[in-house]
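*Asks:* with the input below, show me the fold.
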Amino acid sequence: MVYSSNSNQAIDKKRLYGLVCESLKYRESLNQIIDASNILKQERRLSRELAIVLCHDLLIGNGVSGRYKASMGKHRIRLQAELVKLKVKKRIKSNTELIPSHIRLAVANPRYVRVNTIKTNISAVQQALHQKYALNLVTEQVVVNQNLRVAKKTMMIDPHIPNLLLLPPNIDLHEDDLFLSGKIILQDKASCFPAYCLNPKPSSIVIDACAAPGNKTSHLSMLMGNKGTIHAFDMDARRLNLLKNRMCLAGCTNVIAHLGSFLAVDPKTMGHVDYILLDPSCSGSGMLNQLESSLNDEDEQVDSQSQDRLKSLSDFQLSLLDHALSFETAKRVVYSTCSIHQAENEDVVVKALANKKKWRLMHRVLPSWKRRGLAVFDGAEHVIRVSPTEDLACGFFVAVFERV
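*Replies:* Sure thing, here's the model as predicted:
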């Protein structure tokens with residue numbers, strides 16, 4: 001699909017994502033077939049990554065089309081022979097059995113739906129989902145570790161975040177009226193933690209320091225009953241416009257959008273601020289789904305280039321957190337990332353607390369959540385971690401600072 005399209009042709013992102021995921025599932029076996037066939041030596045313009053996708057389409061998918069159809073066709077018999085040899089060697093019959101068991105048996109994350117109580121309520125959303133998708137609310141929870149399993153044709157209320165529903169992963173609501181009208185927000189569970197843990201009072205003044213595209217901002221607005229004031233900062237004009245559109249759709253009228261860096265905001269000029277939510281740019285390593293995380297299990301060692309990038313990111317994150325903690329009227333600051341790396345999480349917290357006598361970590365924030373910080377400093381039990389492979393949500397980190 002991708003390699004047969006021209007530059008003027010739009011690519012179906014959902015199909016592209018599906019193609020990549022399916023190819024990655026078979027990556028280990030496809031690499032063996034590619035090496036055994038010597039196709040990369042004969043087709044110099046093929047990268048290994050492209051060869052994996054092409055071989056998947058040729059051997060497992062719907063066939064190769066477009067510019068690579070002829071060149072792959074020359075190797076079809078040899079590649080099919082290597083596939084047969086590999087299956088005989090592994091003593092398996094179906095292609096599906098080539099997928100490693102830890103990937104084949106992985107459980108997909110639920111579809112998380114945050115009900116926007118500015119526009120509706122959870123009962124009305126449950127009723128609408130039942131009528132359109134025949135989903136029945138179940139109260140008897142099937143829990144593995146601390147995670148809920150969502151069966152087909154059912155929905156559940158999340159036990160940790162109010163007004164958050166769990167739906168089967170195959171439910172797509174992007175074209176549903178509930179989503180298009182702003183009555184529901186499609187937001188991962190872990191992404192709901194920062195605003196919920198900040199817990200701002202309705203009449204308060206809040207800064208969302210790195211706000212776009214705005215899911216956390218609208219969550220803050222909802223928690224505040226659409227009262228008080230939220231100052232939402234972002235440096236990217238396009239992303240800030242996206243935030244404005246989302247606030248309009250969600251009915252959030254207490255949000256003021258600012259184009260610019262939070263670091264450039266003078267605390268004295270800004271005036272009184274009660275709460276600050278800081279979710280800065282990060283490596284995004286927690287955004288891997290279970291498939292991607294499983295595929296990267298063997299790549300735990302971070303190369304030198306990645307280490308340099310992590311160092312640069314953590315320095316930037318620390319500068320933002322130090323700045324947030326310099327607001328003298330702020331009573332609570334949430335620092336969060338969608339990263340799994342200690343350098344961006346616990347290490348930043350430790351450095352920020354090193355010379356801040358007026359701040360401490362809020363004790364056992366969200367006590368019903370079991371997974372805590374890495375035990376690399378005293379107080380790690382007070383911060384929250386979410387595992388992308390074990391908690392059926394994106395990898396996340398949340399620390400709540402409160403003024404002493």
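
*Asks:* backbone dihedrals for Glu328, please?
*Replies:* Backbone torsions for Glu328, taken as degrees, to the nearest 10, come to phi -70, psi -30.

*Asks:* same deal with the one 5 residues further on?
*Replies:* Listed backbone geometry of Val333 is phi -130, psi 130, with angles given as degrees, to the nearest 10.

*Asks:* ok, it touching Leu325?
*Replies:* Yes - with contacts counted by C-beta atoms under 8 Å, Val333 reaches Leu325, the gap being 6.0 Å. Bear in mind the C-beta positions are built from the backbone N, C-alpha and C, glycine included.

*Asks:* give me the common contacts of these two.
*Replies:* Counting by C-beta atoms under 8 Å, 6 or more residues apart in numbering, the contacts common to Val333 and Leu325 are 359, 401.

*Asks:* more neighbours: which of those two?
*Replies:* Higher neighbour count among Val333 and Leu325: Val333, with 25 against 21, using other C-beta atoms under 10 Å.

*Asks:* partner strands of the strand ranked longest in the chain, with direction?
*Replies:* For the chain, the strand with the greatest residue count under DSSP state E is strand 396-403. Strand pairing for strand 396-403, using DSSP bridges, gives strand 332-337 (antiparallel), strand 359-361 (antiparallel), strand 384-386 (antiparallel).

*Asks:* contacts for the longest one next, please.
*Replies:* When you say that, I think you mean strand 332-337. Strand 332-337 is contacted by residues 193-195, 197-200, 274-280, 282, 286, 317, 321, 324-325, 344-345, 348-349, 352, 359, 362, 396-403 when judged by C-beta under 8 Å, 6+ apart.

*Asks:* report all helices and strands that the next helix or strand after that strand contacts.
*Replies:* Scanning forward in sequence from strand 332-337 by DSSP states H and E, the next helix or strand is helix 346-353. Packing contacts for helix 346-353, counted by 3 or more C-beta pairs under 8 Å, 6 or more residues apart in numbering; DSSP states H and E, involve helix 304-324, strand 332-337, strand 359-361, strand 396-403.

*Asks:* which of these is buried the deepest?
*Replies:* strand 332-337 (a mean of 26; mean count of other C-beta atoms under 10 Å).

*Asks:* state the mean pLDDT of that strand.
*Replies:* Averaging pLDDT along strand 332-337 gives 98.

*Asks:* that strand vs helix 304-324, what angle?
*Replies:* 170 degrees (axes from the mean of the first three to the mean of the last three C-alpha atoms, to 10 degrees).

*Asks:* could you dump strand 332-337 to PDB, C-alpha only?
*Replies:* Taking Å, rounded to 0.1, in the frame of the first residue of the first chain, the C-alpha atoms of strand 332-337 are listed here in PDB:
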ATOM      1  CA  ARG A 332       0.400  22.000  44.300                       C
ATOM      2  CA  VAL A 333       2.400  21.100  41.200                       C
ATOM      3  CA  VAL A 334       2.000  17.900  39.200                       C
ATOM      4  CA  TYR A 335       4.900  16.600  37.100                       C
ATOM      5  CA  SER A 336       4.200  13.900  34.600                       C
ATOM      6  CA  THR A 337       5.700  12.200  31.600                       C
END
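
*Asks:* show me the contacts for Asp176.
*Replies:* 132, 184.

*Asks:* how about 6 Å then?
*Replies:* Neighbour list for Asp176: empty [criterion: C-beta atoms under 6 Å, 6 or more residues apart in numbering].

*Asks:* any idea how far Lys331 is from it?
*Replies:* In this view, Asp176 and Lys331 are 39 Å apart by C-beta to C-beta, to the nearest Å.
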